[in-house]
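Undergrad: What would the 3D arrangement of this be:
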Amino acid sequence: MKYTMTFLGSLLSAGLLFSCGNSPKEEKSEEKGALEKISESVGAVKNLNKMADYAKDLESRIEELKALSPVSNDVLKAVLPETLQGLKRTSLNVGDMSALNMASAKGQYKTEDSTKSVDIDIMDGAGEGAGGIVSLVFLGLSADRENITEEGYEKTTKIDGQRALVKEHTYGETKESEIQTVHDERFVVTLKGNGYSLEELMDVFKNLDLSQLE
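TA: Numbering: from 1, shown residues only. Take a look at the predicted model:
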């Protein structure tokens, strides 16, 4: 807290010194600029404090995850059915990370004409190694951030009360979208849509039955 107050005080002092010796018009403009920078810095500090608090809460959860056994391949396969929201599953891979004592599954779904597809990736955070990976995802989702470009945007948000990262970009006539979240504070679930808007991918996500992941 002492460091934070010193940091903000330095920013305020720098803003005031920066405005000295200028004309009233310049002072007003530069004062506004300094205040905007201070506001941005305050927001950054709040984000850091929020992530620090979140990290403390994660410590106990990570220890719990380390003590758990990963779910079986059969459980993961059940979450990735042969058809989903009118899409047909064209590939399924489970157990690729079993040598590291991690449970994971990947499934790809396509439309009948194969012009659009959705890739679904699920990783169980149980076990010694996976707990650390989940913690990094947790921290990334805890920050309130947004990035907008000419092609699209990505931001952190909430979906049904859970923190999530969502993305949507347009390249020519093709849309790409992504949703990543942590289900039940344990399973990292990622959906990537090729030819799908974020709204369309959200429909697929909400029809994905994750209830067996526990």
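Undergrad: Now the residue nearest the centre of the chain: which helix or strand?
TA: Nearest to the geometric centre of the chain sits Leu165, at 3.1 Å (CA atoms, centre = their mean). Here Leu165, judged by DSSP states H and E, is contained in strand 162-171.
Undergrad: could you give me the average pLDDT of that strand?
TA: Averaged over strand 162-171, pLDDT sits at 96.
Undergrad: Next SSE downstream of that strand?
TA: Sequence-wise, the next helix or strand downstream of strand 162-171 (DSSP H and E) is strand 174-183.
Undergrad: Next, the angle strand 162-171 makes with that next one.
TA: 170 degrees (axes from the mean of the first three to the mean of the last three CA atoms, to 10 degrees).
Undergrad: Please export the C-alpha coordinates of strand 174-183 as CSV.
TA: Coordinates of each C-alpha in strand 174-183 appear next as CSV, following Å, rounded to 0.1, in the frame of the first residue of the first chain:
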residue,chain,number,x,y,z
THR,A,174,-14.0,-15.0,-42.7
LYS,A,175,-14.7,-14.6,-39.0
GLU,A,176,-12.7,-16.3,-36.3
SER,A,177,-13.8,-16.4,-32.7
GLU,A,178,-12.6,-18.0,-29.4
ILE,A,179,-13.9,-18.6,-25.9
GLN,A,180,-11.7,-19.7,-23.0
THR,A,181,-12.9,-20.3,-19.4
VAL,A,182,-12.2,-22.4,-16.4
HIS,A,183,-15.1,-24.7,-15.5
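Undergrad: Which positions within that strand qualify as buried?
TA: 175-183 (16 or more other CB atoms under 10 Å). C-beta: built from backbone N, CA, C; applies to glycine.
Undergrad: of the residues you listed, closest to Ile159?
TA: Nearest to Ile159, judged by CB to CB, of these is Thr181 at 6.3 Å.
Undergrad: roughly how far is the one helix or strand Gly140 maps to from the heart of the chain?
TA: Using DSSP H and E, Gly140 maps to helix 128-142. Taking CA atoms, centre = their mean, to the nearest Å, one finds the center of helix 128-142 at 11 Å from the center of the full chain.
Undergrad: State the mean pLDDT of it.
TA: 83.
Undergrad: Beta-bridge partners for Glu178, please?
TA: On the basis of DSSP bridges, Glu178 is bridged to Lys167, Lys192.
Undergrad: wait, isn't it in contact with Lys155?
TA: No. Glu178 lies out of contact with Lys155 (CB atoms under 8 Å); the separation is 11.4 Å.
Undergrad: what do these two both touch?
TA: 165-166 (CB atoms under 8 Å, 6 or more residues apart in numbering).
Undergrad: OK, contacts around the residue lying closest to Gly125 once chain neighbours are set aside?
TA: Using CB to CB, 6 or more residues apart in numbering and skipping residues adjacent in sequence, the residue nearest Gly125 is Val134, 3.4 Å away. Val134 sits next to 62, 65, 123, 125, 182, 186, 188 when contact means CB under 8 Å, 6+ apart.
Undergrad: how far away is Val134 from Gly195?
TA: 30 Å (CB to CB, to the nearest Å).
Undergrad: again with Leu87
TA: 11 Å.
Undergrad: overlap in contacts of the two?
TA: Shared contacts of Leu87 and Gly195, counting by CB under 8 Å, 6+ apart, come down to 111, 117.
Undergrad: Run through the strands of this protein in chain order.
TA: Along the chain, the segments classed as strands by DSSP state E run 83-84, 87-94, 104-110, 117-124, 146-148, 152-159, 162-171, 174-183, 187-194.
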